[in-house]
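**Student:** just the structure for this:
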Amino acid sequence: MAIAAGSTILASDIANGLNYFGVDTGAVNAYVISPAPAITAYTKGMQFSFVTTNSNTGGSTININGFGVKNIYKNVNQVLDPGDIPANQLIEIIYDGTNFQLVSRPATLAQIFTTSGTWTKTKGSKYVVAIAIGGGGAGGAGSVNSAFQGSGGGGGALNAGIFPAEILNTITVTVGANGVGGSGAGTSGGTSSFGSLISANGGTGGGTGISAGSGAINAAGGTATGNGIAGGAGWLSAAGSSIGGGGGGAGGGTASNAGGSTGGTAGVSSIYNGAGGNGANLAVGGVGFSYGAGGAAGASDSAGGHNGGNGAGGVVVVISFF
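**Tutor:** Okay, the predicted model is just below:
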């Protein structure tokens, strides 16, 4: 049914199954929407879909077009539990003549941790998928010689698991820090974990240049517990790939690999996989891109070595299914 601009919603619209949309502008547990065209009154059977701003922490209300605050219940007369209405999700409610009833909720809820914290189970979830990527190692520095470039840092590992929600409550989430590049070998990335259930190690830091035409031995990619996937290794003068974070590229030098090599790229194009930093031509190594990527090595020249690039930090993603 088409609705002309500036029109109102009538009881006849409700009988024809109109479900109107709004965006929440209220506060925690106090939702407010102002659909346009506006309603003229609350009428039994009215349905609204709205995008939330805040997750509820308990009993909640809604006010539509300023016609007054009404309770939102579930199962006729039950006060909402914390998390029944997640933030930034599309929710549907229907007016029963006295209160609004919650009639739909998202099928999934994803939480992305880029810093360490605590995950708390959302009531009603049936199972949970957790994905962890360790922090990327930093690239090694180039030596004071035009042919002694370093090697790129290893990428962080990727690990994932699926768990019945009934065995979970609150879980400590640890996000692996990025490796830091400097004038010597790069530091390794930190380990990411979802409690004791899954763990993904960070990538190893790249070494400094040690012999003409090459850098130190390629830095190892991170390893994971169980059947997790290792991150890509750091590279001296070539590109590589892995489903974990990609390894960093080699540094360039005037006598060898003058163009600087490209960092390893992730095996699967996804927000969960990072490409390694680009190798540098007489400059500081590139920083790893996206989660868990290794930093590139610094270049070398006769005037002095250049620092390796930082790795990228890890991530933990937790997806609840209802």
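
**Student:** what stretches of the protein score poorly on pLDDT?
**Tutor:** Within the chain, the ranges that satisfy pLDDT under 70 run 1-18, 106, 142-150, 209-289, 297-306.

**Student:** how does it divide into domains?
**Tutor:** For the chain, automatic domain parsing gives the domain ranges 11-104, 107-322.

**Student:** the last one: end-to-end distance?
**Tutor:** Terminal residues of domain 107-322 are spaced 5 Å apart (C-alpha to C-alpha, to the nearest Å).

**Student:** how about stretch 171-186?
**Tutor:** Between the opening and closing residues of stretch 171-186 we find a distance of 31 Å, counting by C-alpha to C-alpha.

**Student:** in that stretch, which residues are buried?
**Tutor:** 171, 173-182, 185-186 (16 or more other C-beta atoms under 10 Å). Yep, even glycine has a C-beta here, placed from its N, CA and C like the rest.

**Student:** and what of stretch 70-77?
**Tutor:** Residues of stretch 70-77 classed as buried under the neighbour-count rule (16+ other C-beta under 10 Å) are 70, 72-74.

**Student:** skip the chain neighbours and tell me the closest residue to Asn71.
**Tutor:** For Asn71, the nearest residue in space outside its immediate sequence neighbours is Asn99; the separation is 4.4 Å by C-beta to C-beta, 6 or more residues apart in numbering.

**Student:** I'd assumed Asn75 was in contact with the one you found.
**Tutor:** No. With contacts defined as C-beta atoms under 8 Å, Asn99 does not count as touching Asn75, sitting 11.8 Å away.

**Student:** nearest residue to Thr115 in space, please, no chain neighbours.
**Tutor:** The shortest distance from Thr115 to any residue other than its chain neighbours is 5.7 Å, reached at Val175 (C-beta to C-beta, 6+ apart).

**Student:** list the contacts of that neighbour.
**Tutor:** Taking C-beta atoms under 8 Å, 6 or more residues apart in numbering as the definition of contact, the neighbours of Val175 are 113-116, 135, 190, 192, 313-316.

**Student:** please apply the same query to Asn54.
**Tutor:** Applying C-beta under 8 Å, 6+ apart to Asn54 gives the contacts 24, 26-29, 87.

**Student:** list just the nearest of these to Thr108.
**Tutor:** Here the nearest of the contacts of Asn54 to Thr108, counting by C-beta to C-beta, is Ala87; it sits at 13.8 Å.

**Student:** what's around the closest one, how many residues?
**Tutor:** Look at Ala87: counted by other C-beta atoms under 10 Å, it has 14 neighbours.

**Student:** what segments of the stretch 1-150 of the chain are strands?
**Tutor:** Counting by DSSP state E, counting those that start in this stretch, one finds strands in the stretch 1-150 of the chain at the ranges 19-23, 30-33, 47-51, 60-64, 69-74, 78-79, 90-95, 100-104, 108-113, 117-120, 127-133.

**Student:** which one of those strands lies nearest to Ile39?
**Tutor:** Proximity to Ile39 (C-beta to C-beta) singles out strand 60-64 among these, at 6.4 Å.

**Student:** contacts for that closest one, please.
**Tutor:** Identification of contacts with strand 60-64 by C-beta under 8 Å, 6+ apart yields 22, 26, 29-35, 39, 42, 48, 69-72, 80, 84-85, 93, 100.

**Student:** deepest-packed of the strands of the stretch 1-150 of the chain, please.
**Tutor:** Relative to the other members of the strands of the stretch 1-150 of the chain, strand 127-133 carries the highest mean neighbour count by mean count of other C-beta atoms under 10 Å, namely a mean of 25.

**Student:** other SSEs contacting that one?
**Tutor:** Judged by 3 or more C-beta pairs under 8 Å, 6 or more residues apart in numbering; DSSP states H and E, strand 127-133 is in contact with strand 158-164, strand 192-194, strand 198-200, strand 315-321.

**Student:** mean neighbour count and distance to Gly124 added to the ones you listed, as JSON lines?
**Tutor:** Rendered in JSON lines, the data for the helices and strands packed on strand 127-133 read as follows (neighbours: other C-beta atoms under 10 Å; distance: least, C-beta to C-beta, whole Å):
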{"stretch": "strand 158-164", "mean neighbour count": "19", "distance to Gly124": "14"}
{"stretch": "strand 192-194", "mean neighbour count": "29", "distance to Gly124": "20"}
{"stretch": "strand 198-200", "mean neighbour count": "26", "distance to Gly124": "23"}
{"stretch": "strand 315-321", "mean neighbour count": "22", "distance to Gly124": "9"}
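
**Student:** save these as a markdown table, and put in distance to Ile62 too.
**Tutor:** Putting the helices and strands packed on strand 127-133 into a markdown table (distance: least, C-beta to C-beta, whole Å) gives the following:
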| stretch | distance to Ile62 |
| --- | --- |
| strand 158-164 | 33 |
| strand 192-194 | 35 |
| strand 198-200 | 39 |
| strand 315-321 | 24 |
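
**Student:** of all the ones you listed, which one is nearest Thr52?
**Tutor:** Each of the helices and strands packed on strand 127-133 has some distance to Thr52 by C-beta to C-beta; the shortest is strand 315-321, at 15.9 Å.
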